[in-house]
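K.L.:
take this sequence and fold it.
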Amino acid sequence: MGGILHIVQMWGRLTMGQAMNTDTHDRDARATRRAAARYRELLGSERRSAALYRGLAESAAGEQQRIFLELASVEERHAAHWEDKLTALGARVPGPCRPGPRTKLLSWLARRFSVDEVLPFLERAEHSDAGLYEGDPEAAPGMAADERSHARVLTRLRDESQGDTGEGGRAIARRERWHRSDRSGALRAAVFGVNDGLVSNGSLVMGFAGSGAAGTTILFAGVAGLLAGAFSMAAGEYISMRSQREAYEREIALEAEELRDDPEAEAEELALIYRAKGLDGDEAQRVAATIMKNSDTALDTMAREELGLDPDELGSPWSAAFSSLIAFALGAVVVVLPYLFGSGTAALVVAIALAATALFAVGSTLGLLNGRTALRSGARQLLVGAGAALAVYFIGHALGAGQI
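P.N.:
Here you go, the predicted structure:
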C-alpha cells in the first residue's frame, strides 16, 4: 500500500512539474512574441522616418539637404539596432517596406511647394517622439539623445526658414516695435480653406434640408452659400495679405532709413545677430562690416536677418485671394453636387455621405501632416463637422418649412 502511495505522489509531482514547465514555456513564448511585435513596430517607424528624410533631401539643397541626409542615416542606424534585436530573438525580420502615405504626402508637398512648408509638421512630430527611448533598456546607448537632437535640429531649421535669428534678433525686434511678422503657410491655409467651405456650406445645406425645403431651394441655398463664402474668403484674404504686404514694405523702408541715417548702429545690430548665430565677436564684426559696404546688400541682409523677411517674396494678395476662393469652393461644392442631379431623401443621403467622406479625408490629411494617426484625426474631424451640421439641421427642422 505504501509503495502505491509513493508512486502516486511521485506521479503527481512529475505531472505538476510538467505543468509548471509548460506554463513557464508559454509565458516565455508570449513574452517573446510581444517583444518581437514591439521591435517590428519600432523598426517600421525608424524605416519610415529614414525614408521620409531621404525623400525630403531630394527637394532640398545645400546645408538643408545635408542635414536631412544625416538624419536619415541616424534613423537607419536605429533601424539596424531593432533588426539585430529581432535576429537575436530568432524572430522574422521584415523586408524593406514601401513608403507609407505620410512619407508620400510630405515628400510630394515638399516637391510641390517647398521643404519649408512641411518643416512645422516634422517638428511637431519629432517633439512628440523626443522621449521615445527615454529609460528604455532595449534601446542602444545614444538613441534617446539622438531623438531629442532631431527635435532640436528641426526647430533650428524651421526657425531659419522663417527668418528667426535667435535671441539677438528677437531682442532687436522687441526694441524696434514697428517690426512685426505674422506669416502663415500656404499649405495650411489651403487645407483649412477646404475645411471651412465643407463645414460652413454643409451646415447651411443641412439646415435647409432639415426645414423641409424643396430640392431647388436647397440647391439655390447651397450655391449661394458657396459663392458668398468663397468671395468673402477671397476678399478677406486679399485685404489681409495686402495689409500684411504694405506692413512688410513699410518695415523694409524703415530699415532703409535706419541704414542711411545711422549705418554704424545697424552694423552693430547685424554683428549682434551673427554673434547670436554662433560667430565670435571679431568674426561677427568683420562679416557685418563687409556686408555694410554695399547698401543694397546691407538692406537685403538686414531685411532677412533682422526682420525675417524675404524682400523678393512678400506674398501676393491676388494669389492669396484666388487660392482662398478655390479652396473654400472645393469644400463647399461637395454637399451641393447631389442636388444638381436629384432631390429629396436620396440627394440628402448622398450629400451626407460625401460630406462625411470629405471631412474624414481632411482630418486624415491633417493628421498625416502632423505625424498623428490618420484614423483618429479623421474621426475627430468627422465628429466636429457632423456635430455642427446636425445642430443646424435640427434648428432648421424646428423652424419648419413654412418659415422659409
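
K.L.:
verify the stated contact: residue 44 with residue 94.
P.N.:
Yes - look at residue 44 against residue 94 with Cβ atoms under 8 Å: they come within range, at 7.1 Å. For the C-beta atoms, the positions are set from N, CA and C on the backbone; glycine is no exception.

K.L.:
element containing the nearest residue to residue 111 once chain neighbours are set aside, please.
P.N.:
Residue nearest to residue 111 in three dimensions, not counting chain neighbours: residue 59, with 5.0 Å by Cβ to Cβ, 6 or more residues apart in numbering. For residue 59, there is no enclosing helix or strand under DSSP states H and E.

K.L.:
low-confidence ranges, the stretch 201-350 of the chain, go.
P.N.:
Scanning the stretch 201-350 of the chain for pLDDT under 70 picks out 261-262, 265, 269, 276-278, 303-315.

K.L.:
do a quick rundown of the helices in it.
P.N.:
Listed in chain order, the helices of the stretch 201-350 of the chain (DSSP state H, counting those that start in this stretch) span 215-261, 263-276, 281-292, 295-305, 317-332, 337-341, 344-369.

K.L.:
okay, the angle between the helix or strand residue 118 falls within and helix 344-369?
P.N.:
Using DSSP H and E, residue 118 maps to helix 115-128. Helix 115-128 runs at 80 degrees relative to helix 344-369, counting by axes from the mean of the first three to the mean of the last three Cα atoms, to 10 degrees.

K.L.:
what is the next helix or strand after helix 115-128 packed up against?
P.N.:
Downstream of helix 115-128, the first helix or strand assigned by DSSP H and E is helix 143-161. On a contact count with 3 or more Cβ pairs under 8 Å, 6 or more residues apart in numbering; DSSP states H and E, helix 143-161 meets helix 62-89, helix 115-128.

K.L.:
which SS class is residue 96?
P.N.:
Following DSSP: H, G, I helix; E, B strand; the rest coil, residue 96 is assigned to coil.

K.L.:
got a list of what it touches?
P.N.:
The contact partners of residue 96, taken as Cβ atoms under 8 Å, 6 or more residues apart in numbering, are residue 47.

K.L.:
next one: it from residue 41, what distance?
P.N.:
Shown here: residue 96 relative to residue 41, a distance of 16 Å by Cβ to Cβ, to the nearest Å.

K.L.:
and what of residue 143?
P.N.:
The spacing between residue 143 and residue 41, counted by Cβ to Cβ, is 15 Å.

K.L.:
more neighbours, those two?
P.N.:
Comparing residue 143 with residue 41 by other Cβ atoms under 10 Å, the one with more neighbours is residue 143, at 20 against 11.

K.L.:
pLDDT at the more buried one, what is it?
P.N.:
Residue 143 carries a pLDDT score of 76 in this model.

K.L.:
my read is that it contacts residue 75, right?
P.N.:
No - Residue 143 is beyond contact range of residue 75, at 10.4 Å (criterion: Cβ under 8 Å).

K.L.:
what's the nearest residue to residue 155 if we skip its chain neighbours?
P.N.:
Distance criterion Cβ to Cβ, 6+ apart; nearest residue to residue 155, sequence neighbours excluded, is residue 123 at 5.7 Å.

K.L.:
quick one, phi/psi of residue 141?
P.N.:
phi -60, psi 130 (degrees, to the nearest 10).

K.L.:
quick check: the gap between it and residue 82.
P.N.:
From residue 141 to residue 82 the distance is 15 Å (Cβ to Cβ).

K.L.:
between these two, which one's more packed in?
P.N.:
Using other Cβ under 10 Å as the criterion, residue 141 and residue 82 rank with residue 82 on top: 24 against 6.

K.L.:
contacting residues for the more buried one?
P.N.:
Counting by Cβ under 8 Å, 6+ apart, residue 82 has contacts 39-40, 42-43, 46.

K.L.:
check residue 374 too.
P.N.:
101-102, 364, 367-368.

K.L.:
which of the residues you listed sits closest to residue 150?
P.N.:
Set against residue 150, the nearest of the contacts of residue 374 by Cβ to Cβ is residue 102 (16.0 Å).

K.L.:
nearest residue to the closest one other than its sequence neighbours?
P.N.:
Leaving aside its sequence neighbours, residue 102 sits nearest to residue 368 (Cβ to Cβ, 6+ apart; 4.4 Å).
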